[in-house]
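>>> A predicted structure for the sequence below; I have some questions about it.
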Amino acid sequence: MSGGVDSSVAALILKKDYNVIGVSLQVFDYSPYQDCDLKGVCCSPEDVYDARKVADSLNIPFYVLNYRDRFKKAVIDDFLSEYIKGRTPNPCVICNEKIKFGEMLNFASSVGADYVATGHYAIIEKYGSEYILKKGIDTKKDQSYFLYRLNQERLSKILFPLGKMKKEDVKKIARDNDLKVHDKRESHEICFVPNNDYPSFIEENIKGDFGGRVVDTNGRILGRHKGIFKYTIGQRRGLNISSDRPLYVVDIDAERREIIVGDNADLYHTEFITESNNLINKEMLFEKDIPIKVKIRYMSDEIECRLNRIDEDRLLVKTNRPIRAITRGQSAVFYNGDIVLGGGIIKEILR
C-alpha cells in the first residue's frame, strides 16, 4: 500500500474475497530532504502514514517493511551506475522487478500469503497454461510498460484489481467509501530524488571529475561539459555552445567522456539492439504473422517492428519508420495489440 487512492481501493476491493494484509515499504531515507515538497513523491513518510490510516479504516492488518538497503543495492546503485555509463535508466522498471514483485513476493511466501496485489493499471489473464500481461483499459493510466519484466511464475502470484477500471471510477469508489485519500495528489517523481534534480543527486553520491568535451558528429570540439549524466539524448537546451543552427545531443560516449551533438535529423534511427530481455510469451513474439509494435519510453507512441534474435541475450529490433531519440538504458517494450509480449534494455543504436 503506497498511501495513494489506487492501492487503497485495490485493498478495499480485494477485502470482499480475500484475507488482505496491508504492507508499505520504506525504501529511502527522506530526513535530508525535510525542506522539500514530498507530496509528489512515492513512498514518503506521509504516504506510509496515509496507508496506515486506510488500513485501519478497512480493519486489515498493516505492516511497514524496511527495504532501504535492498532498494539501494537493486535500484539506486543501478541508477547511478547507468548514468555514469552514459545511459538513461528507468528505475521504476527495476523497482517493480527487484522490489515490488521480487522481494515482496518472497515476503508474501514467508508469511503464507498466496498473492501480492497492487494498484497498478494492468491486467493479468490466463490462456491455457500461460499467463498474459495486458494493458489496463484506462489508456491514460495504463502501467503495463513498467511491468514487462514479470515472468510466468510471478504473474501467477500477482493480482491487479484495478486493471479493468477507469481512474475516475476508482476515485468514486474511494469517495463513496469515505477513504480520505480519494483526492490525494498522485506521485510522479522518482522516489529517491525528491527534488527531481538528477545531476545533483548523482554528484552527491559519486565523487569525481566527470567533465569532458562537447564535439560535433565529425569530432570537432565545440566546448566542454561538467558531466555526461547532465545530458540526455535529444536534449537541446543547456548545451552552452555557440552555433549558427540548432544542435541536439545525439550520442554520449562515456569512455571518452564526450557529448556528441548534431542536427535533429541525426536523432532518427530504425534499428537498435536490446539486452537483458524478458520474454513473457516467447512463441507469440516470434510468430511471423503476429504484428508487433515497440515502445521505447513510457510516453512514446508504439511503432511497428520486426525482431531478430542475435543470441540468448540480445534482440535486433527493426522499426518500419525512424524513431527519434532512441536512448541506451531505456526499456523497449513489445506489444501485440493490448498484450505485453516482453521487452529489454536498449543497448546499442545502429547508425
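Happy to help now that I have it. Numbering: from 1, shown residues only.
>>> Which helix or strand contains Phe53?
Residue 53: Lys, not Phe. helix 45-58 (DSSP states H and E).
>>> In CSV, list the C-alpha atoms belonging to that helix.
What follows is helix 45-58, C-alpha atoms only, in CSV (Å, rounded to 0.1, in the frame of the first residue of the first chain):
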residue,chain,number,x,y,z
PRO,A,45,6.8,9.2,5.3
GLU,A,46,3.4,10.9,4.7
ASP,A,47,2.4,8.1,2.3
VAL,A,48,3.2,5.4,4.9
TYR,A,49,1.1,7.4,7.4
ASP,A,50,-1.8,7.6,4.9
ALA,A,51,-1.6,3.9,4.1
ARG,A,52,-1.8,3.0,7.8
LYS,A,53,-4.9,5.2,8.2
VAL,A,54,-6.6,3.5,5.3
ALA,A,55,-5.7,0.0,6.6
ASP,A,56,-7.2,1.0,10.0
SER,A,57,-10.4,2.2,8.3
LEU,A,58,-10.6,-1.1,6.4
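>>> How far away from the center of its chain is the helix or strand just after that helix?
Once helix 45-58 ends, the next helix or strand along the chain (criterion: DSSP H and E) is strand 62-66. Taking the mean of its C-alpha atoms, strand 62-66 sits 23 Å from the chain's own mean (C-alpha atoms, centre = their mean, to the nearest Å).
>>> re the thing from before, and the helix holding Lys53, which residues are buried?
Going by neighbour count (16 or more other C-beta atoms under 10 Å), the buried part of helix 45-58 is 47-48, 50-55, 58. Heads up, the C-betas are built off the backbone N, CA and C, glycines and all.
>>> between those residues, which is closest to Glu312?
Minimum distance to Glu312 across the buried residues of helix 45-58 is 39.8 Å, recorded for Asp47 (C-beta to C-beta).
>>> outside of stretch 5-13, which residues touch it?
1, 20, 22, 51, 54-55, 58, 60, 117-121, 160-162, 170-171, 173-174, 177, 179, 181-184 (C-beta atoms under 8 Å, 6 or more residues apart in numbering).
>>> Check whether the closest residue to Ser57 other than its chain neighbours sits in a helix, strand or coil.
Closest residue to Ser57 apart from its sequence neighbours, by C-beta to C-beta, 6 or more residues apart in numbering: Leu179 at 6.9 Å. Secondary structure state of Leu179, per DSSP: H, G, I helix; E, B strand; the rest coil, is coil.
>>> now Met153, what's its secondary structure?
No Met there; residue 153 is Glu. Strictly by three-state DSSP, Glu153 counts as helix.
>>> actually Glu271, sorry about that
Strictly by three-state DSSP, Glu271 counts as strand.
>>> how about the CA coordinates for stretch 138-156, as PDB?
Below are the C-alpha coordinates for stretch 138-156, written out as PDB (Å, rounded to 0.1, in the frame of the first residue of the first chain):
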ATOM      1  CA  ASP A 138      -7.700   3.200 -18.900                       C
ATOM      2  CA  THR A 139      -5.300   4.300 -21.700                       C
ATOM      3  CA  LYS A 140      -4.300   7.400 -19.800                       C
ATOM      4  CA  LYS A 141      -3.300   5.300 -16.700                       C
ATOM      5  CA  ASP A 142      -2.000   2.100 -18.300                       C
ATOM      6  CA  GLN A 143       1.200   1.000 -16.500                       C
ATOM      7  CA  SER A 144       2.000  -2.200 -18.400                       C
ATOM      8  CA  TYR A 145       5.200  -0.600 -19.800                       C
ATOM      9  CA  PHE A 146       6.700  -0.700 -16.300                       C
ATOM     10  CA  LEU A 147       5.800  -4.300 -15.700                       C
ATOM     11  CA  TYR A 148       7.300  -6.100 -18.700                       C
ATOM     12  CA  ARG A 149       9.900  -7.800 -16.600                       C
ATOM     13  CA  LEU A 150       7.400 -10.000 -14.900                       C
ATOM     14  CA  ASN A 151       7.700 -13.700 -15.800                       C
ATOM     15  CA  GLN A 152       5.200 -16.500 -15.900                       C
ATOM     16  CA  GLU A 153       5.900 -17.600 -12.300                       C
ATOM     17  CA  ARG A 154       5.500 -14.100 -10.900                       C
ATOM     18  CA  LEU A 155       2.400 -13.400 -13.000                       C
ATOM     19  CA  SER A 156       0.700 -16.400 -11.400                       C
END
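>>> Does the residue nearest to Lys98 when sequence neighbours are not counted belong to a helix, a strand or coil?
The shortest distance from Lys98 to any non-neighbouring residue, by C-beta to C-beta, 6+ apart, is to Ala74 (3.9 Å). Under three-state DSSP, Ala74 falls in the helix class.
>>> Could you do Lys293 as well?
Lys293 ends up strand, using three-state DSSP.
>>> List the buried residues for stretch 294-304?
294-297, 300, 303.
>>> Same check on stretch 280-298?
Quick answer for stretch 280-298 (16+ other C-beta under 10 Å): 280-281, 284-285, 292-297.
>>> what about that stretch, how long is it end to end?
With C-alpha to C-alpha, to the nearest Å as the measure, stretch 280-298 spans 18 Å from end to end.
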